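Engineer: the amino acid sequence is not available; the structure is as follows:
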């Protein structure tokens, strides 16, 4: 099957999926144990960023109803947090890579989220072939952060696609979100603070108006590393910049109180 064509997952019997970590895999817990995630020891592994994004989308968006889309769901971490920790339902995860798609399916079963989460394998650049226009209320994405020219490309394909703009660029993500969202629908994205001006320009080009931004700092007093952005399709201008989110308390390795509450 072409990766450009849709493959909606029809859930097999739970017993037909291996829900224990296999060779080269780990079983990790986040959100106070509410979410358990199978991952490969080598290859793509999720970071703190999608956890921050999921909480930002719910707490700042303030909308739990409607259909949610996670573009490039990877192992399914964002839909699982939305369903298991944050009380959302009707969530779709779109994933390009077959191995990650399969891993996400196992994780959905592992967390008993079959009713809340559906998965589709396909290319986010071709969402018009996969979904009706304006069929989602909220779209989230933790896209690749680096252009092809930035840094060294990983020899591991999963890592390379997750980190570098090989399979999609920021413009592709914004264009897909604009297609999927209904009028006044919400797009939430986490992105490097160093590329904030580019993010704002791309969102504006797709009529996704930035409404809420929050800078993410590794420690207080240091430059921001990331920005969490909440944009609304077809909304009037008017941006609110929230107080910064600090990851680590003081100079310690421990998480700040706010981040600790997210990761559990």
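Structural biologist: It's in. If you're wondering where the values come from, they're calculated on a predicted model, not measured in any experiment.
Engineer: what ranges do the helices span in this protein?
Structural biologist: 49-61, 77-84, 98-110, 127-130, 157-163, 170-180, 196-205, 257-263 (DSSP state H).
Engineer: okay if I get those helices as JSON lines plus distance to residue 186?
Structural biologist: The way it works is simple: take the backbone N, C-alpha and C, and place the C-beta from them, glycine included. Shown next, in JSON lines, are these (distance: least, C-beta to C-beta, whole Å):
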{"stretch": "helix 49-61", "distance to residue 186": "5"}
{"stretch": "helix 77-84", "distance to residue 186": "13"}
{"stretch": "helix 98-110", "distance to residue 186": "23"}
{"stretch": "helix 127-130", "distance to residue 186": "17"}
{"stretch": "helix 157-163", "distance to residue 186": "24"}
{"stretch": "helix 170-180", "distance to residue 186": "9"}
{"stretch": "helix 196-205", "distance to residue 186": "12"}
{"stretch": "helix 257-263", "distance to residue 186": "19"}
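Engineer: just those: most buried one?
Structural biologist: helix 77-84 (a mean of 27; mean count of other C-beta atoms under 10 Å).
Engineer: any low-confidence regions in the stretch 1-150 of the chain?
Structural biologist: Applying pLDDT under 70 to the stretch 1-150 of the chain flags residues 1-17, 61-64, 146-150.
Engineer: quick one: the strands in it, in order.
Structural biologist: 7-8, 25-30, 35-40, 68-71, 91-95, 117-121, 136-141 (DSSP state E, counting those that start in this stretch).
Engineer: could you single out the most deeply buried of those strands?
Structural biologist: Comparing the strands of the stretch 1-150 of the chain by mean count of other C-beta under 10 Å gives strand 68-71 as most buried, with a mean of 28.
Engineer: partners of that one in the sheet?
Structural biologist: Using DSSP bridges, the strands paired with strand 68-71 are strand 91-95 (parallel), strand 136-141 (parallel).
Engineer: need the residues that contact the longest one.
Structural biologist: When contacts are defined by C-beta atoms under 8 Å, 6 or more residues apart in numbering, strand 136-141 is touched by residues 53-54, 57, 61, 63, 65-72, 78, 92, 173, 176-177, 180-182, 185-189.
Engineer: can you do 6 Å?
Structural biologist: Applying C-beta atoms under 6 Å, 6 or more residues apart in numbering, the contact partners of strand 136-141 are 57, 66-71, 78, 173, 177, 180-181, 185-189.
Engineer: what's the answer for stretch 93-100, then?
Structural biologist: Contact with stretch 93-100 is made by 3, 70-71, 73-74, 76, 79, 101, 104, 119-121, 123-124, 167, as judged by C-beta under 6 Å, 6+ apart.
Engineer: span of that stretch from start to end?
Structural biologist: 11 Å (C-alpha to C-alpha, to the nearest Å).
Engineer: give me the distance from that stretch to the chain's centre.
Structural biologist: 12 Å (C-alpha atoms, centre = their mean, to the nearest Å).
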